[in-house]
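Participant: Next come a sequence and a model predicted from it.
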Amino acid sequence: MTIAIIVHGGAGGWNLSDDRRAEAVAACAAAAEAGRDVLLRGGSSLDAVEAAVNILEDCPVLDAGRGSYPNAEGNVEMDALIMEGRDLNMGAIAAIQRVRHPISLARRVMVESGHNFLVGEGADSFADSIGFPRCKVEELLVPDLHIDEIVTAQPGVEPAAIGDTVGAVALDMNGDL
């Protein structure tokens, strides 16, 4: 069976400085390679997607995990969804705070919670109940020099509307997407 993985670093916001664009492209390449390595070792498509997205969530120039944009109140609230193609099982979280790897928490929702989608306080309570690693909000915020560059290039564009999410799709040796 053929394996495959595709990753993306988000929509919009790619008019970054050359060094930040290079960092984003490098993160996408590293994420694809990490997912491919999982697949080549016989790992599942879910394992590959989670490994790939964890790398994207660690990249400070992408809007996911570390580097997420704060909301109007200055809080970092993140969303993530993971889905298995074989049986369409899914797990999702929304408005989660103080989590470095939202995709990993979404997977735990799918596997361990008995639910498909947890939001806000419910997502936070679930994370705490399973001992999911939490971080300080300061670990998620990074100097947003790229916001200044984009707003300068596009006057009137709200920084929170720039960027968006990251993603990955994988096909494993068992044919599962």
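Facilitator: Sure, I can see it. Numbering: from 1, shown residues only.
Participant: Helices of the chain, residue ranges please.
Facilitator: 18-40, 45-58, 102-112, 120-129, 137-140, 145-153 (DSSP state H).
Participant: What is the neighbour count of Leu118?
Facilitator: By the other Cβ atoms under 10 Å criterion, the neighbourhood of Leu118 contains 23 residues. To be clear about C-beta, it is placed using only N, CA and C from the backbone, and glycine gets the same treatment.
Participant: And it, how close does it get to Pro70?
Facilitator: Distance of Leu118 to Pro70, given as Cβ to Cβ, to the nearest Å: 21 Å.
Participant: With Leu56 instead?
Facilitator: To Pro70, Leu56 is 19 Å away according to Cβ to Cβ.
Participant: So between those two, which is more surrounded?
Facilitator: A side-by-side neighbour count of Leu56 and Pro70, using other Cβ under 10 Å, places Leu56 first with 30 against 15.
Participant: For the more buried one, which residues are in contact?
Facilitator: Residues counted as contacts of Leu56 (Cβ atoms under 8 Å, 6 or more residues apart in numbering) are Val7, Gly9, Ala27, Cys28, Ala31, Leu62, Ala64, Gly65, Val166, Ala168.
Participant: cutoff 6 Å now
Facilitator: With contact set as Cβ atoms under 6 Å, 6 or more residues apart in numbering, Leu56 has these partners: Ala27, Ala31, Leu62, Ala64, Val166.
Participant: top of those residues by neighbour count?
Facilitator: Neighbours here are counted as other Cβ under 10 Å. On that basis the top member of the contacts of Leu56 is Ala31, with 29 neighbours.
Participant: got the contact list for that residue?
Facilitator: Ala31 makes contact with Val7, Ala52, Ile55, Leu56, according to Cβ under 6 Å, 6+ apart.
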